[in-house]
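*Asks:* Sequence unavailable; structure follows:
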């Protein structure tokens, strides 16, 4: 019995000693960790150097025909002749189609007969007035009848002229919506006539750039179906800023003699503003969005430092920093999401941006 008691006592003492040893060992390790410096975070960085940068605005726009109308007849009637082929070029003044005008011609003949009679009555009344055989009032009535007949004749002649529709300008005529023999009214569309020798590009710029753009400034643009660059000249702007979008609408014109550009196409517009010789450009991945702007981490004395920056124009891979940084700063571009102010750094420096045009 005594032996068993001694064995249990030894085992209990051993367990207590083991637990005490573990507690003391863990405490020593914790104190050791608190006393030592935190490990350095491995990041990628580069030394910031000024570069030449073309400050361009990249905008969205649309191409419009220089002139475009929907052809209609000003008078109602049956289409007698169609003198154009769909998709063909037509010249200014060319007859495009005729509306049957037999009824109007008959009306004109009737009115012209009345006009002849009224003219003769006016002549006779004038002779009688000279002989004082009739009163001035009777002559005035005869003259009014003649003038009324003359005006009615001119009205019908004008209506007859509208029965023949001519091209108001040279261009390409589109698909027609009627056939010969169709009864049309002024509300009936016949076809579309488009002048594409020149095309208009309509686009809008943010109001803060409005003072930097002038009439006759050049722009370049590409279309959604081609990477070929085209040039256009700004020729008109709206007189005021759109209050809903805070943008100013502008319009430029481009030559299209080769017919490569199609009205209605989406356009990517590039508007040059200025050339900055000493711009500070940082990679887009180095910027961290915050509530009131953007921030970037730089290395200062081997530790991370948070800097609030103001940005400007951007390219596909970099953004211009307007304030907050200076040439020679080491900016951090990778591994930055875990950084805090004062974090020790292990920097892998990469080649800085060359001083060339971006």
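*Replies:* Everything's here; your move. What you are looking at is a predicted structure, and each value in this text was computed from that prediction instead of being measured.
*Asks:* For the protein, which segments are assigned as helices?
*Replies:* Assignment of helices within the chain using DSSP state H yields the ranges 2-35, 102-130, 136-162.
*Asks:* among these, where is the model least confident on average?
*Replies:* For the helices of the chain, mean pLDDT drops lowest on helix 2-35, to a mean of 61.
*Asks:* From what I see, residue 317 and residue 283 are in contact.
*Replies:* Yes - look at residue 317 against residue 283 with C-beta atoms under 8 Å: they come within range, at 6.4 Å. Quick note: C-beta positions are derived from backbone N, CA and C, even for glycine.
*Asks:* tell me the domain ranges of this protein?
*Replies:* 1-28, 41-54+276-350, 58-65+193-274, 74-95+166-187, 101-162 (automatic domain parsing).
*Asks:* Of residue 317 and residue 283, which one has the most company?
*Replies:* Neighbour count, other C-beta atoms under 10 Å: between residue 317 and residue 283, residue 283 has more, with 17 against 10.
*Asks:* Any idea how many residues pack against the nearest residue to the more buried one once chain neighbours are set aside?
*Replies:* In space, and not counting its chain neighbours, residue 283 is closest to residue 333: 5.2 Å by C-beta to C-beta, 6 or more residues apart in numbering. Neighbours of residue 333 under the rule other C-beta under 10 Å: 19.
*Asks:* surely residue 333 meets residue 284?
*Replies:* No - counting by C-beta under 8 Å, residue 333 does not reach residue 284; the two are 9.5 Å apart.
*Asks:* residue contacts, the most centrally placed residue in the chain?
*Replies:* Nearest to the mean C-alpha position of the chain, by C-alpha atoms, centre = their mean, lies residue 61 at 2.6 Å. By C-beta atoms under 8 Å, 6 or more residues apart in numbering, the residues touching residue 61 are 201, 202, 203, 221, 266, 267, 268, 269.
*Asks:* can you pull up the bridge partners for it?
*Replies:* residue 203, residue 267 (DSSP bridges).
*Asks:* Relative to residue 43, how far out is it?
*Replies:* Here the criterion is C-beta to C-beta, to the nearest Å. By it, residue 61 lies 41 Å from residue 43.
*Asks:* next one: residue 131
*Replies:* Remark: distance between residue 131 and residue 43 (C-beta to C-beta) = 118 Å.
*Asks:* more crowded one of those two?
*Replies:* Just comparing residue 131 and residue 43: by other C-beta under 10 Å the higher neighbour count belongs to residue 43, 20 against 7.
*Asks:* tell me which residues of stretch 155-174 are tucked away?
*Replies:* Buried residues in stretch 155-174, counted by 16 or more other C-beta atoms under 10 Å: 156, 160, 163, 164, 165, 167, 169, 171, 172, 173, 174.
*Asks:* Having no further points to raise, I will conclude here.
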